[in-house]
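Trainee: Pasting the sequence and the predicted model now:
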Amino acid sequence: MFALLDGNNFFASCECVFRPRYKGLPLIILSNNDGCAIARSEAAKALGVKMGQPYFELLPLVHSHGLIALSANFSLYGDMSDRMMSIASAMGAESEIYSIDEIFCGLHGVRDVTRRAQAISERVLRGVGIPNCVGIGPTKTLAKLANHIAKSAERKPGSYPPHLGRVCNLAEISPEMFHYVLKQTPVGEIWGVGRKIAKRLAELNICTALDLSRMPLPMARKHFSVVLERTVLELQGIACMQLETQPPPKQQIACTRSFGHPVTTLPPLIQAVSEFATRAAEKLRKQEMRAGAINVFAHTSPFRSGARFYKSASVQLQPPSSDTKTLVNAAVRGISQIYEPGYQLSKAGVMLMDLCPGIEQQADLPFALPINARDASALMEAMDKINARFGKGAVHVASTGQAEKEKSEWRMKQERRTPQYTTSAGDIPIVRS
DNA sequence: TCTGGGGTCCTAGGACCC
DNA sequence: TCTGGGGTCCTAGGACCC
């Protein structure tokens, strides 16, 4: 038996903990560059704000209905998530943090499951301030469905019986009620069924969770894939997915961003990918891994007319590395290869691939360093610590050609008394204070 | 003017081999 | 020059998730 606890409107709820005056008001959280809505309060949903809707389309609501928009504060949400998870994981002996706002718990050996779930849900609300719902079922897919029912029954009167709100345990309802809730649930609400598959299923006259649970397995396999076949089995109560108590090692690490304004020249592009590579390298070292290749890409906006550009380059790293300087150099080389003038670039990013375990070894360092490899590795560790404490980019490796710009920016920032340090553009990264 | 970021898994198809 | 089945490996792209 599995339970899934999920924070309601998580990012919006986090903000309301610290700004209680926003409770009950239409509130949205905006993505990077305040591009679009990535979280919505109940009141914002009621105004018709869609997930991922661009902010400029929502400006009329800001004026007419007092819609409040906040820039995302991901470090806050990460902290709130940690606190929520530490309480919620007490629901069962084993747990799997599935996303920033969701946790699966294995309920093997737990007695009085529903009561316990109610108590934990209450504890999360009181202790962290995040309203939440719990779904319980014999498979992960059914626990997900139960969670959807728990949320909808509470928020949308008439969707499901009210007594299934907040905490919904599908294992203790009658077969008739189980049949009813499956029939009430559109197939697109099922975990693993997205827009495209829902549409194709509808063409086969499979429109509800009940229809899907009755789909012949060979048909699911033939017309779709093993993934959908598993979903059908899980809806029938046959568990195909186990709890992943240990997070599997990452296969890739990405850092990508949309630009606030279109980028048309190489220098800002180089600066951007240098920063992305630096962030990605930090994540890499946190995992104690090295990358065997780095992929760099840049593209124009898919939403705007004009000349299209969509290119990427892979740079092999032999030997694999987790050194910021090596990764930045490779990223710069890659972006310089693919760059072409004449395009309004809207987004770029780097992805670290072919990850392998291990921290940088002395023999792995491909460039000559007057300081020894252990020092270089210690330097990376020190950079990570400083950046963690003083904020991203407090210390970073400069790309070749950026040194003079760095210096003048640094002086300007010093004058404004903002703490800002940078490393030199030479072969030896030196922390300048 | 203005449209997120970070992942995973699966499949199809091509290249190549015997 | 054309004929065949079967296998592996790799990559690109599509679909999904939050």
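Mentor: Okay, I see it. The model shown is predicted, which means the values in this text are computed figures rather than measured ones.
Trainee: got the buried residues for the longest helix seen in chain A?
Mentor: Ordering each helix of chain A by length in residues (DSSP state H) puts helix A:266-286 first. Across helix A:266-286, burial judged by 16 or more other C-beta atoms under 10 Å covers A:269-285. Glycine gets a C-beta too; all of them are placed from N, C-alpha and C.
Trainee: cool, and stretch A:39-57?
Mentor: For stretch A:39-57, the buried set under the neighbour-count rule, 16+ other C-beta under 10 Å, comprises A:39-45, A:47, A:49, A:53, A:55.
Trainee: So which other helices or strands are in contact with the strand or helix carrying residue A:124?
Mentor: Assigning secondary structure by DSSP states H and E places residue A:124 in helix A:113-128. Contacts defined by 3 or more C-beta pairs under 8 Å, 6 or more residues apart in numbering; DSSP states H and E place helix A:113-128 against strand A:2-7, helix A:74-88, strand A:132-137, strand A:167-169.
Trainee: Spatially nearest residue to the residue of the stretch 251-400 of chain A found nearest DNA strand C (excluding sequence neighbours)?
Mentor: Proximity of the stretch 251-400 of chain A to DNA strand C (C-beta to the nearest atom of the strand) peaks at residue A:314, 8.0 Å away. In this structure, residue A:314 finds its nearest non-sequential neighbour in residue A:295, 4.9 Å apart by C-beta to C-beta, 6 or more residues apart in numbering.
Trainee: how about that neighbour, secondary structure?
Mentor: strand (DSSP: H, G, I helix; E, B strand; the rest coil).
Trainee: For it, grab the count of nearby residues.
Mentor: Per other C-beta atoms under 10 Å, the neighbour tally for residue A:295 reads 20.
Trainee: hey, what's it bridged with?
Mentor: Listed by DSSP bridges, the beta-bridge partners for residue A:295 are residue A:314, residue A:351.
Trainee: same check, this time on residue A:95
Mentor: Residue A:95 forms beta bridges with residue A:105, as assigned by DSSP bridges.
Trainee: per-residue confidence at the nearest residue to residue A:117 once chain neighbours are set aside?
Mentor: Distance criterion C-beta to C-beta, 6+ apart; nearest residue to residue A:117, sequence neighbours excluded, is residue A:134 at 4.4 Å. Note for residue A:134: predicted pLDDT of 98.
Trainee: For DNA strand C, tell me whether stretch A:82-93 is touching it.
Mentor: No: using C-beta under 7 Å from any atom of the strand, stretch A:82-93 stays clear of DNA strand C, coming no nearer than 12.4 Å.
Trainee: from the middle of its chain, how far away would that stretch be?
Mentor: Stretch A:82-93 sits 20 Å away from the centroid of its parent chain (C-alpha atoms, centre = their mean, to the nearest Å).
Trainee: ok, residues contacting that stretch?
Mentor: The contact list for stretch A:82-93 (C-beta atoms under 8 Å, 6 or more residues apart in numbering) reads A:3, A:5, A:7, A:95, A:97, A:101, A:103, A:105-110, A:116-117, A:120, A:123-124, A:127-128, A:130, A:132, A:134.
Trainee: Just the buried residues of the residues you listed.
Mentor: Here, 16+ other C-beta under 10 Å leaves A:3, A:5, A:7, A:95, A:97, A:101, A:103, A:105-107, A:110, A:116-117, A:120, A:124, A:128, A:130, A:132, A:134 buried among these.
Trainee: DNA strand B next: which of those residues are close?
Mentor: Of the buried ones among the contacts of stretch A:82-93, not one also sits near DNA strand B (C-beta under 7 Å from any atom of the strand).
Trainee: quick revisit: just the CA atoms of the longest helix of chain A, as PDB, please.
Mentor: What follows is helix A:266-286, C-alpha atoms only, in PDB (Å, rounded to 0.1, in the frame of the first residue of the first chain):
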ATOM      1  CA  LEU A 266      28.400  36.100 -29.300                       C
ATOM      2  CA  PRO A 267      29.900  37.800 -26.100                       C
ATOM      3  CA  PRO A 268      26.700  37.800 -24.000                       C
ATOM      4  CA  LEU A 269      26.100  34.200 -25.200                       C
ATOM      5  CA  ILE A 270      29.500  33.200 -24.000                       C
ATOM      6  CA  GLN A 271      28.900  34.900 -20.700                       C
ATOM      7  CA  ALA A 272      25.600  33.000 -20.300                       C
ATOM      8  CA  VAL A 273      26.900  29.600 -21.100                       C
ATOM      9  CA  SER A 274      29.900  30.200 -18.800                       C
ATOM     10  CA  GLU A 275      27.400  30.800 -16.000                       C
ATOM     11  CA  PHE A 276      25.400  27.800 -16.900                       C
ATOM     12  CA  ALA A 277      28.400  25.600 -17.000                       C
ATOM     13  CA  THR A 278      29.500  26.900 -13.600                       C
ATOM     14  CA  ARG A 279      26.100  26.100 -12.100                       C
ATOM     15  CA  ALA A 280      26.000  22.700 -13.700                       C
ATOM     16  CA  ALA A 281      29.600  22.000 -12.500                       C
ATOM     17  CA  GLU A 282      28.500  22.800  -8.900                       C
ATOM     18  CA  LYS A 283      25.600  20.300  -9.200                       C
ATOM     19  CA  LEU A 284      27.900  17.800 -10.600                       C
ATOM     20  CA  ARG A 285      30.400  18.000  -7.700                       C
ATOM     21  CA  LYS A 286      27.500  17.900  -5.200                       C
END
